[in-house]
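[1] coordinates for the following, if possible.
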Amino acid sequence: MSEPRFYRHWIKDSDLVSFEVAVKQTDLYIRSRRNLSNKALDSVLKHRGSLEAYIERHPLFLTTLDPYQAEAEAPAIVKEMARVSQLTGVGPMAAVAGAIAEAVGRDLLAFSPEVIVENGGDIFLKISKKRLVGVYAGQSAFTKKVALEIMPQETPLGICTSSGTVGHSLSLGSADAVIALSSSAALADAAATALGNIVKDADDIPEVVDKAQSIAELRSVVIIVGHKMGIWGKVRIVPLG
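    All right, here's what the predicted structure looks like:
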C-alpha cells in the first residue's frame, strides 16, 4: 500500500493545474498550466518501458549498489542514471525517481511553459516566476516551517530528498532530510542518497558539506538532522507562515 503524499498540498500554486499520474512504483504529482494527464501517462509508460526492458536484459542494473557503466546503445534514461551513479558512487537505481521526474517533465514542456513534477519527494521543475518548495523532514522542527525559494532563472532544476527516517527508499544514514539541487534531477537524486548515507547524527553535517563540494554538477545541499541544519551552495531558505 502506498503511503499518503500529504506533503504535496502544503503549498498551493493557484495559477497552476494539479493532477496525478501513477504507474506501478511511479507516483507523480504534476503541476502545469493545463491538465496534461494523458500526455504525462504516455510519457511515463514510454520511459518506464525503456527502463524495464533494459533491466530485463541487464538485471544487475536493478540490484547493484555500485556505480554502473552503461553501453553506448542503452536508452537515454539508463545512460543518465548510470552517468550520475559514477559521479556519486552509488548504484544507478538511486537516481530512478529523479530521472523519471525529469524525463516526464521535459516531455511536458512541449505543452506547458511551466512544469513541476514530483515523484515520491523528488522534483523536476521549470518555472516562469518565483516558487516555494516546502521542506519535509519528518519529525524535525523544520517540517512545515521553511521552504526553498526557487527563481525562474535557476530552472530547469532537480530538487531531490533522501531521508533515513521517512519513507521506504533505501538510505544507510539517519538524516531527517538531505536535499540536493542540480540541473540534473537524476544527479540530485543520486547525490541525496550518497550524502544521506553518511549521516549518522548531527555531528556528521560538516562531513556531508565537504563531500557535497566534491560532487560534480551538484549546486547545493541542505542537511537536516533534528533541530540542526547544514547548508552548502547557493540556496535560499525562507520561513513559511
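[2] could you report the pLDDT at residue 90?
    If you check residue 90, the pLDDT there is 96.
[3] check contacts around it.
    Listed by Cβ atoms under 8 Å, 6 or more residues apart in numbering, the contact partners of residue 90 are 65, 66, 67, 190, 193, 194, 197. (Each C-beta comes from the backbone N, C-alpha and C, glycine too.)
[4] could you flag which of the residues you listed are buried?
    65, 67, 190, 193, 194, 197 (16 or more other Cβ atoms under 10 Å).
[5] among the residues you listed, which are located in helices?
    190, 193, 194 (DSSP state H).
[6] any idea how far residue 24 is from the first one?
    Think residue 190. From residue 190 over to residue 24 the distance is 21 Å, taken as Cβ to Cβ, to the nearest Å.
[7] kindly report the same for residue 180.
    25 Å.
[8] quick one, which of those two is more surrounded?
    residue 180 (32 against 8; other Cβ atoms under 10 Å).
[9] I'd say the more buried one and residue 186 touch.
    No - counting by Cβ atoms under 8 Å, no contact exists between residue 180 and residue 186, whose distance comes to 10.9 Å.
[10] partner strands of the helix or strand of the chain with the lowest mean pLDDT, parallel or antiparallel?
    Taking mean pLDDT, DSSP states H and E as the measure, the chain has strand 131-134 as its least confident helix or strand, at a mean of 91. Here strand 131-134 has these sheet partners by DSSP bridges: strand 146-150 (antiparallel).
[11] got the buried residues for the strand it pairs with?
    146, 147, 148, 150.
[12] which among these gets closest to residue 122?
    Nearest to residue 122 among the buried residues of strand 146-150: residue 148, at 13.5 Å, using Cβ to Cβ.
[13] anything in contact with each of residue 180 and residue 186?
    residue 158.
[14] look through the chain and tell me its longest helix.
    Per DSSP H, the chain has its longest helix at helix 37-57.
[15] strands along this structure, start to end?
    17-23, 26-32, 115-119, 122-126, 131-134, 146-150, 157-162, 177-182, 218-225, 228-233, 236-239 (DSSP state E).
[16] mind listing what the residue of the chain most remote from its centre touches?
    What lies farthest from the middle of the chain is residue 57; by Cα atoms, centre = their mean that is 26.2 Å. By Cβ under 8 Å, 6+ apart, the contact list for residue 57 is empty.
[17] any idea how far it lies from residue 71?
    In terms of Cβ to Cβ, residue 57 sits 10 Å off from residue 71.
[18] do residue 186 as well
    18 Å.
[19] any idea how many residues pack against residue 72?
    Quick note: residue 72 (other Cβ under 10 Å) scores 5 neighbours.
[20] show the backbone phi and psi for it.
    phi -60, psi -30 (degrees, to the nearest 10).
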